[in-house]
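Colleague: Structure for this input, please:
(one chain, ligands or ions: 1)
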Amino acid sequence: MSDGGAGEGGGTGGDGGGGDETAPSPTPITDADYDEWLDALAAGEGYALVCPDGHGSLPPRRRCPECGSDALSREPLDEIGRVETFSVVHVPSPRFADDAPYVTAVVDLGPVRATGVVRGVDPEGDAVEVGLSVAAGVEERETDGEPLVTFRPVDGE
Ligand SMILES: [Zn+2]
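Modeller: Below you'll find the model as predicted:
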């Protein structure tokens with residue numbers, strides 16, 4: 001999502017003459033793509049976009065961030081991922097004001113890594129650790145009810 005990009009729009013206006021449009025972005029960010037991905041993830045059918053070289057990325061990307069290829073195919077995510085890094089957030093951005101403290105984690109889901117909030121754990125405890133097995137899902141952000149990628153620990157091997 002585009003956290004931090006909230007304040008756009010409204011700046012210009014007036015005479016709509018402007019003939020010098022800047023070049024359109026080759027990869028327009030559409031929330032629809034991301035929403036579709038969230039819906040799939042919520043249904044247990046999360047996927048990554050993988051280029052012919054095997055680089056994984058997530059919607060709404062249209063091109064591989066590594067090599068620029070636009071020949072992206074959808075590869076299913078692993079149902080169970082592993083925490084690669086995590087951090088406890090005590091001072092959140094406004095969009096997460098009512099969620100803090102919480103744990104964010106980068107999780108290896110096979111073809112791609114994803115960032116999300118770890119739920120079902122005590123943020124102040126030590127339940128989250130590198131290598132922890134988690135299942136990815138979609139839940140609501142407490143602050144505003146917006147959908148959010150979440151990870152919950154699973155009973156691993
Ligand atoms: Zn690539």
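Colleague: low pLDDT regions in the protein?
Modeller: 1-30, 156-157 (pLDDT under 70).
Colleague: what does it have sitting close to the ion?
Modeller: 51, 53, 55, 64, 66-67, 69 (Cβ under 5 Å from the ion). Yep, even glycine has a C-beta here, placed from its N, CA and C like the rest.
Colleague: Now list the buried members of these.
Modeller: 51, 55, 64 (16 or more other Cβ atoms under 10 Å).
Colleague: Cys51 versus the closest residue to the second one other than its chain neighbours, what's the distance?
Modeller: Once flanking residues are discounted, His55 sits nearest to Glu66: 4.0 Å by Cβ to Cβ, 6 or more residues apart in numbering. In this structure, Glu66 and Cys51 are 7 Å apart, going by Cβ to Cβ, to the nearest Å.
Colleague: Mutual contacts of these two, please.
Modeller: Shared contacts of Glu66 and Cys51, defined by Cβ atoms under 8 Å, 6 or more residues apart in numbering, are found at Ser57.
Colleague: quick one, strands of this structure?
Modeller: Counting by DSSP state E, the segments of the chain that form strands are 47-50, 56-57, 73-76, 80-89, 102-108, 113-118, 133-140, 147-153.
Colleague: okay, those strands, which one's buried deepest?
Modeller: The highest average neighbour count among those, using mean count of other Cβ atoms under 10 Å, belongs to strand 47-50 at a mean of 22.
Colleague: What is that one packed up against?
Modeller: Here strand 47-50 is seen to pack against strand 56-57, strand 73-76 when contacts are counted using 3 or more Cβ pairs under 8 Å, 6 or more residues apart in numbering; DSSP states H and E.
Colleague: Outline the domain layout of this protein.
Modeller: Here the domain parsing of the chain from automatic domain parsing is 27-76, 78-157.
Colleague: hang on, Thr85 packs against Thr104?
Modeller: No. Here Thr85 does not reach Thr104: they are 9.0 Å apart, not a contact under Cβ atoms under 8 Å.
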